[in-house]
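Trainee: below is the sequence, then the predicted model.
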Amino acid sequence: MKSEWRKSSRSSSQANGDCVEVRLNGDRFEVRDTKLGAESPILDVSPAEWVALLSHEGR
């Protein structure tokens, strides 16, 4: 079951800013560009890849 898209708390509040959304799809995480909405390609990652992405982002 897919959850609702959630905008990253680190996303820019500007209309053309850097924005990403994430949702849970079963045991996978999906990430997309907020500005593109439904037209955005979706990056599908495993839980381990998600943890690695978050730990890298904080550097």
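Mentor: Received it, and whenever you're ready, just let me know what you need. Numbering: from 1, shown residues only.
Trainee: hey, where'd the strands end up in this protein?
Mentor: Counting by DSSP state E, the chain has strands at residues 6-7, 20-25, 28-33, 43-45.
Trainee: which of those sits closest to residue 53?
Mentor: Residue 53 lies closest to strand 43-45 among those, at 6.6 Å (Cβ to Cβ). Quick note: C-beta positions are derived from backbone N, CA and C, even for glycine.
Trainee: by contact count, what packs against that closest one?
Mentor: On a contact count with 3 or more Cβ pairs under 8 Å, 6 or more residues apart in numbering; DSSP states H and E, strand 43-45 meets strand 28-33.
Trainee: got the angle between the strand it packs on and strand 20-25?
Mentor: Interaxial angle, strand 28-33 versus strand 20-25 (axes from the mean of the first three to the mean of the last three Cα atoms, to 10 degrees): 160 degrees.
Trainee: that older thread, dump the strands of the chain to TSV, plus distance to residue 53, mean pLDDT and mean neighbour count.
Mentor: Formatted as TSV, these follow (distance: least, Cβ to Cβ, whole Å; pLDDT from 0 to 100; neighbours: other Cβ atoms under 10 Å):
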stretch	distance to residue 53	mean pLDDT	mean neighbour count
strand 6-7	15	86	12
strand 20-25	10	92	16
strand 28-33	8	94	17
strand 43-45	7	96	13
